[in-house]
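Chemist: model the following, please.
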Amino acid sequence: MMSSPYPENACTTFFSWITGIVVLSLVGTCFAGNGSGYLIVSANDESVVYRDNRMVFLDEPGAGNLTVLDFKSFPPSARTIKNVPVTVIGPPTCVAFVPGRELAIVTSAMVTRKVDGVYRHEVDARVALVDLRGSGRVIDLFETGLQPSGVTVTPDGKAAWLANRAEGTVSVMMIRGEKLIEEARIEVAGPADSLSHVEISPNGKYGVATLTEGGQILVFRVQEDGIPGVIARLDCGGKPYAARFLPDGSGFFVADIERDRVAYYRFDAGDVKLEIEFAVGRIPEGIDIRPDGGWIAVSCFDGGNLTDESHARFGEPSRIYFLRKHEGCFVPAGNVEIEGTPQFAVFSGDGQYIAVSNTGKQKLSFLRRSGGGFVPTENTHSLPGEPVAAIGSR
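Modeler: All right, here's what the predicted structure looks like:
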């Protein structure tokens, strides 16, 4: 595969991508995490499998589970926490770490039930607080708004926001000891708008939410009581889905699963401005930002989930597309072919590895930094379920 060149005016124009392994020079210094900063958690659905790219319910569906990977060494060690409600339905942002504690919050947007002898998905409302220590366990299971999907936690680890997709509400959950307590539920959209994800900035000042069917991005200011206050509604067209902030909180990226683009928004003197958009692959399901802010990984389906043989991209592999920071702005940095359909591609805490979901294959694969970019390794990790969401500790 060939590397992907980029033009000199990359900061102000749109780009198309060229298939290839990343070989551009890496920007930024290396850094190392410590303690739990080496962890990546993968949330795995135990109710479905994929046959010829079609989702099929298992004869005996399971509840779901988490796989905890430790990247203090490579290949990472791994352990599985059982009986955690997880679903493939929704964005790959249904799991979040609680900063400063070995805890994770996992939302369950849908539950599998048998109706008239046939399994189907029904709207769920469960949220799990999971202790990641030792063998791990669910220590609290809470019911909130309908179809809780994306979840985010404040930098101080005191509160979490949940996007209730079937309600258009944001639940503000206080994390007190080993309990989740719903402090407030704020209506920010209508049910038909499909509130998919909500994200709080690393500096704790702002939040964003995606209205996938409403074609809008909401920008919040985090108020003193932790309640989100809407300060802007950005009409972006398309279908915004996953969103991630830069580490310094100066801006955020949003993946558009309809227009196959990633948009970068920047805070400027209290305003929010669209800085640039990048064309990526078909259906950019997930997005992650390297902990130093120097790289962006976008997981795209491309031809990976197609069943229509007449589609122009039928038979093509899925890909992870990259952006990198270069002379103060972001530029395209090639892509890597991936087996299965990648729901996510998540950086390790030291930024040297990326865990990629091979959804449809029930396994993870790994990319590593090499030659100034990221390339596939020969290592994979089999999972007890389909990987559908993940988060890396920072």
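
Chemist: C-alpha only now, for contacts and for neighbours.
Modeler: Noted.

Chemist: residues in contact with stretch 59-77?
Modeler: Residues from elsewhere that reach stretch 59-77, judged by Cα atoms under 8 Å, 6 or more residues apart in numbering: 38-48, 78-87, 112, 132, 348-349, 379, 383-385.

Chemist: tell me the mean pLDDT for it?
Modeler: Stretch 59-77 shows a mean pLDDT of 97.

Chemist: quick check: buried residues in that stretch?
Modeler: Within stretch 59-77, the residues that qualify as buried are 61-72, 75-76, counting by 16 or more other Cα atoms under 10 Å.

Chemist: what sits against the residue nearest to residue 221 when sequence neighbours are not counted?
Modeler: Residue nearest to residue 221 in three dimensions, not counting chain neighbours: residue 206, with 4.6 Å by Cα to Cα, 6 or more residues apart in numbering. Applying Cα under 8 Å, 6+ apart to residue 206 gives the contacts 200, 219-222, 249.

Chemist: in a markdown table, list those along with neighbour count and pLDDT.
Modeler: Formatted as a markdown table, the contacts of residue 206 follow (neighbours: other Cα atoms under 10 Å; pLDDT from 0 to 100):
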| residue | neighbour count | pLDDT |
| --- | --- | --- |
| 200 | 27 | 97 |
| 219 | 22 | 97 |
| 220 | 21 | 96 |
| 221 | 19 | 94 |
| 222 | 18 | 93 |
| 249 | 18 | 95 |
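
Chemist: nearest to residue 257 among these?
Modeler: residue 219 (19.3 Å; Cα to Cα).

Chemist: which SSE is residue 42 in?
Modeler: With secondary structure defined by DSSP states H and E, residue 42 is part of strand 39-45.

Chemist: packing partners of that strand?
Modeler: When contacts are defined as 3 or more Cα pairs under 8 Å, 6 or more residues apart in numbering; DSSP states H and E, strand 39-45 sits against strand 65-70, strand 386-392.

Chemist: just checking, next helix/strand downstream of the first one?
Modeler: Sequence order places strand 77-82 as the next helix or strand after strand 65-70, per DSSP H and E.

Chemist: Provide the strand pairings for that next one, with the direction of each partner.
Modeler: Looking at strand 77-82 with DSSP bridges, its partner strands are strand 65-70 (antiparallel).

Chemist: the strand it pairs with: how far from the chain's middle?
Modeler: Relative to the chain's own centre, strand 65-70 is displaced by 15 Å; criterion: Cα atoms, centre = their mean, to the nearest Å.

Chemist: ok, which pair from the buried residues of stretch 59-77 is furthest apart?
Modeler: Across the buried residues of stretch 59-77 (Cα to Cα), the longest gap, 33.3 Å, separates 61 and 72.

Chemist: now the helices and strands packed on strand 39-45 as CSV including distance to residue 318?
Modeler: Compiled in CSV, the helices and strands packed on strand 39-45 are given as follows (distance: least, Cα to Cα, whole Å):
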stretch, distance to residue 318
strand 65-70, 23
strand 386-392, 15
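
Chemist: tell me which of those lies nearest to residue 102.
Modeler: Set against residue 102 and scored by Cα to Cα, these come closest in strand 65-70, at 11.1 Å.

Chemist: got the contact list for residue 171?
Modeler: By Cα under 8 Å, 6+ apart, the contact list for residue 171 reads 144-145, 160-164, 182-186.

Chemist: if we use 7 Å, what do you get?
Modeler: Neighbour list for residue 171: 161-163, 182, 184-186 [criterion: Cα atoms under 7 Å, 6 or more residues apart in numbering].

Chemist: ok, now residue 192?
Modeler: Contacts of residue 192 by Cα under 7 Å, 6+ apart are residue 213.

Chemist: what about it, distance to residue 207?
Modeler: Residue 192 sits 21 Å away from residue 207, going by Cα to Cα, to the nearest Å.

Chemist: and for residue 215?
Modeler: 17 Å.

Chemist: which of these two has more neighbours?
Modeler: A count of neighbours by other Cα atoms under 10 Å puts residue 207 above the other of residue 215 and residue 207, at 27 against 19.

Chemist: name the nearest residue to the more buried one, sequence neighbours excluded.
Modeler: That would be residue 200: by Cα to Cα, 6+ apart, it lies 4.2 Å from residue 207.

Chemist: how far away is that neighbour from residue 61?
Modeler: Separation of residue 200 from residue 61 (Cα to Cα) stands at 33 Å.

Chemist: repeat that for residue 390.
Modeler: Applying Cα to Cα to residue 390 and residue 61 gives a distance of 21 Å.

Chemist: before we move on, what SS does residue 192 have?
Modeler: Reduced to three states with DSSP: H, G, I helix; E, B strand; the rest coil, the structure at residue 192 is helix.

Chemist: okay, it: pLDDT?
Modeler: Listed pLDDT for residue 192 reads 98.

Chemist: now do the strands in the stretch 51-200 of the chain.
Modeler: Along the stretch 51-200 of the chain, counting by DSSP state E, counting those that start in this stretch, strands occupy 54-57, 65-70, 77-82, 95-98, 103-115, 118-131, 137-143, 148-153, 159-164, 169-176, 179-187, 195-200.

Chemist: no, scratch that, I was asking about the stretch 251-394 of the chain
Modeler: 251-256, 261-268, 271-279, 284-289, 295-300, 318-326, 329-338, 345-347, 353-358, 363-370, 373-382, 386-392.

Chemist: same list (those strands) but as JSON lines, adding mean pLDDT.
Modeler: Below are the strands of the stretch 251-394 of the chain laid out as JSON lines (pLDDT from 0 to 100):
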{"stretch": "strand 251-256", "mean pLDDT": "98"}
{"stretch": "strand 261-268", "mean pLDDT": "96"}
{"stretch": "strand 271-279", "mean pLDDT": "96"}
{"stretch": "strand 284-289", "mean pLDDT": "98"}
{"stretch": "strand 295-300", "mean pLDDT": "98"}
{"stretch": "strand 318-326", "mean pLDDT": "97"}
{"stretch": "strand 329-338", "mean pLDDT": "96"}
{"stretch": "strand 345-347", "mean pLDDT": "98"}
{"stretch": "strand 353-358", "mean pLDDT": "98"}
{"stretch": "strand 363-370", "mean pLDDT": "97"}
{"stretch": "strand 373-382", "mean pLDDT": "97"}
{"stretch": "strand 386-392", "mean pLDDT": "98"}
